[in-house]
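Peer 1: Structure, please.
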Amino acid sequence: MIFLCLLLAALCSRTNADEQALLTLINRLNSDVIEFRNEVELQHSKRCDAILGCSHASYDECLSVLSLGQSCPSKDTLGYAVQECGAGENCNGLFDFTSTTVRLPNVTLVDPNGDRTPRNPNVIEAICSSKRAEEWMVNKYEEDKVYWETLGVASPQMYIGSATGMLRIFPARASRECGSYDPRERPWYKGAVPNTISSAAPRHVVFLLDKSLSMGELMGTGNSTITKLDYMKRIVTHTLRFLTDNDSVAVVTFAENARVRGVIGLEPPYYWKPANSTNIEQLINEVNALIPSGRSNWIEGFDKAFDLIRRSLRRNAYKPNEECKVENVALLFYSDGDMNLPAGITDAEVTQYVVSRIQGIEGINDEGADLQIYPFLYSIGNPDPRQTAKQISCAASGIWKPITHEMAIQNVTLGYETLFSVPLGDEAHQNFTTWSDPYIFASSQEVGYTVSALLYDRNISPPRFIGAVGIDFLISAAMEVYEASEEDTIKAVKRLTSYIAESNFAFTCEQQDIDLTYCDLQSLRHFSGGDESVCIPDQLQNAEGGLDFMKLEAYLLEQNVTEAYTAKTELAEAELAGLETTNVTMVNVTVRNETITIAAELNETEANNISIETPTIAAAPADPAYAPVQSLSALSAHSVLVNLNCSNAFSLPCPGMDEYPNNLWNNLELKGKAFEDRTCCLVGTNEASDQCPKLDEIETFGLSQKQIFALIIVPLLVIELCGCYFCFIRKRMKDDEHERH
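Peer 2: Residues are numbered from 1 along each chain as shown. I've put the predicted structure just below:
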């Protein structure tokens, strides 16, 4: 009995020790990914500097020979074998633990089948700034290599995924398929971003989709071969797949009449549904089955959508167990802007109708709920010359975005996704990490986790979501530490990571409330659709809703500001101002023909933010050290208002953005070569070999060396044993016969 008690105590002690070891591993990975996140955010803040020296600096996933530091590790060293190259004993794939490779989805490229040149300046910035985080990844690998070896597993791979679709991965390696990997579609990113954001601010998402006859027209002129409706289907499908079980969803379509999708029967009442996989697939199937027909009646569509929202909110109000009465509703409206019903209705009347319905719904908070409806309006394939959708956006505190056929599907809803990421950008959640569910890694085909953290540009208010970083590790590593089966280890990891998140990062009701200021909203508009999407203050608008330059001039004169000048950051100018430092930007303003200094010792961003560009009223100072900025007539009206109204809400473009380098790849020596020719190598060498996978595989039968050995040796052993047995029997028979005689 005493022995049994001691045995049970030992087992309990071992279990506690195993769990403590697993918790230590989890905390280590959480700490590593936060340190990684900090490094990438730091380099993003210096993205304009990173452009210098970015040409020919990175390795493309399919075009580039890696550095001289590349090697061909065995399966035991790497942790897995590259299947196309062999069994990992004599042949494997090339890896470079001194550098990284860049993966870009084809939608981000000008020439997917050529030199794979990025089309978007923001993608180029992501490539260049993330390159500077490469040194951190290499050093981290070297520092932790012994630790992972003691666990008997390979070091984790690390990667940076941007909201624009770029992925930088360590260690560097070739990709099986060129241009097919989009980090935004991978389990680790989707688990980090939508799940994390939905946990912080659960969403009710209502899609309002125009299916009128004009939506069957092509997206645009030139090379466009896709209709507006088909393009909209792709956007909606992509957005639906990013929703989680924490969210609610509904789809309303309209032409001359409106209809709620995903419901049985046509009679109300209708409510939004949980965004579980069953409901999502049903909605996707119904959206993809839409056929364009009829005229476009916006009022009918909005009326049906707002009725659904109102009923759903009323039903939610009677849920007594909800701790937080926070309701964040996103209304995603898609149309080509060609509204022709009801007959005779004006843009102003439609705008007023939408605003009044939103205000009416937001006023039903008799249960004390904090409710906000965010309209997102997308003009598909049509410049919408009257900009009716934009008028609604500006009047209803929404976000409008014009969409052309050149725009990548994944970039259409950046504003919507960014808005719901706002709560996680605060200081309370700066160290928040996410653990994916176990999934099969694309490179190794092994099962493991990705520990990730969201990336933010924290120099903007509110902090803006820009992507995520991830660190992989295999379930086998956790099993080694926990000393348990795969099933038990998965349960333990889930329990411990959930406990850490709930203990340290529980979301308060206040944090789930997305409370945007005017400048926050303008910032999101600018990020979503550029200058064109920024709303002009009412007091500065002309009759068409554009900027009235005379009103702007009068407004600025009231502020006693007529012209701004910025000085170059050179020593001579610093001395001229009587300042001791050389890192100075002077901002001079002409006030009623008298030039005075209104700011000094500002960094460049601060100086640019307070600059106000107006028509030249006073003469420029004679001193050549001061260079006048562009006149108002040469500037976008919206860019003027960006600086005028919200100095800290916008990420200013880097100088010369239109002249960014397009020759980013170190070399193009592997262009046009198959994956096996780019990566298969002899273990222990540092270059590709045409002998692989022949040394590890017999191509005719697909047998590995171990299998070949077994096929040869095992039959020989069987024959030898049979021979021995036969000899033994014969000898026994002879002995018996001898005894009889």
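
Peer 1: Mind splitting the chain into its structural domains?
Peer 2: For the chain, automatic domain parsing gives the domain ranges 25-86+98-185+433-504, 198-421+514-519, 546-650, 705-740.

Peer 1: just checking, which of the ones you listed comes out with the lowest mean pLDDT?
Peer 2: When those are compared on average pLDDT, domain 546-650 comes out lowest at a mean of 40.

Peer 1: Can you tell me what sits against stretch 152-161?
Peer 2: Stretch 152-161 is contacted by residues 29, 36, 40, 77-80, 130, 133, 137, 140-141, 144-145, 148, 166-171, 183-184, 186, 188-189, 443, 455, 467-474, 476-477, 480 when judged by CB atoms under 8 Å, 6 or more residues apart in numbering. For every residue, glycine as well, the C-beta is placed using N, CA and C.

Peer 1: These in strands, which ones?
Peer 2: Within those, residues falling in strands by DSSP state E are 167-170, 455, 467-474.

Peer 1: which among those residues end up buried?
Peer 2: With burial judged by 16 or more other CB atoms under 10 Å, the buried subset of those is 167-170, 455, 467-474.

Peer 1: Which one of the residues you listed is nearest to residue 89?
Peer 2: Lowest distance from residue 89 to those (CB to CB) belongs to residue 474, with 19.9 Å.

Peer 1: What residues does that closest one make contact with?
Peer 2: For residue 474, the contact set (CB under 8 Å, 6+ apart) comprises 79, 153-154, 446-448.

Peer 1: So which of those is the closest to residue 654?
Peer 2: Nearest to residue 654 out of the contacts of residue 474 is residue 448 (CB to CB; 37.1 Å).

Peer 1: Contacts for stretch 346-353, please.
Peer 2: 298-299, 302, 339, 386, 388, 391-392, 395-396.

Peer 1: From those residues, list the buried ones, please.
Peer 2: For these, a burial check counting by 16+ other CB under 10 Å picks out 298-299, 302, 339, 388, 391-392, 395-396.

Peer 1: Mind checking which of the residues you listed are in strands?
Peer 2: For the buried ones among the contacts of stretch 346-353, membership in strands holds for none, with DSSP E as the criterion.

Peer 1: Adding distance to residue 242, write the residues you listed out as TSV.
Peer 2: Formatted as TSV, the entries for the buried ones among the contacts of stretch 346-353 read as follows, by distance: CB to CB, whole Å:
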residue	distance to residue 242
298	26
299	30
302	24
339	29
388	28
391	29
392	25
395	28
396	24
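
Peer 1: Can you tell me who the spatially closest residue to residue 82 that is not a sequence neighbour pairs with across the strands?
Peer 2: In space, not counting the residues next to it along the chain, residue 82 is nearest to residue 93; the distance is 3.4 Å by CB to CB, 6 or more residues apart in numbering. With DSSP bridges applied, residue 93 shows beta-bridge pairing to residue 680.

Peer 1: Please renumber the chain so that the first residue is 701 from this point on.
Peer 2: Done: numbering now begins at 701, and the last item shifts to residue 793.

Peer 1: which residues touch residue 793?
Peer 2: Under the criterion of CB under 8 Å, 6+ apart, the contact partners of residue 793 comprise 772, 782, 784-785, 873-874, 1379-1381.

Peer 1: separation between it and residue 1113?
Peer 2: Shown here: residue 793 relative to residue 1113, a distance of 36 Å by CB to CB, to the nearest Å.

Peer 1: cool, and residue 999?
Peer 2: Counting by CB to CB, the gap between residue 999 and residue 1113 amounts to 25 Å.

Peer 1: just residue 1041 next, same as before
Peer 2: Between residue 1041 and residue 1113 the computed distance is 27 Å (CB to CB).

Peer 1: Which one of the two is surrounded by more residues?
Peer 2: Under the criterion of other CB atoms under 10 Å, the comparison of residue 1041 against residue 1113 puts residue 1113 first, with 21 against 18.

Peer 1: can you map out the strands along the stretch 1051-1200 of the chain?
Peer 2: When assigned using DSSP state E, counting those that start in this stretch, the strands of the stretch 1051-1200 of the chain occupy the ranges 1070-1080, 1099-1103, 1134-1135, 1139-1140, 1147-1157, 1164-1174.

Peer 1: Brilliant, that's me finished.
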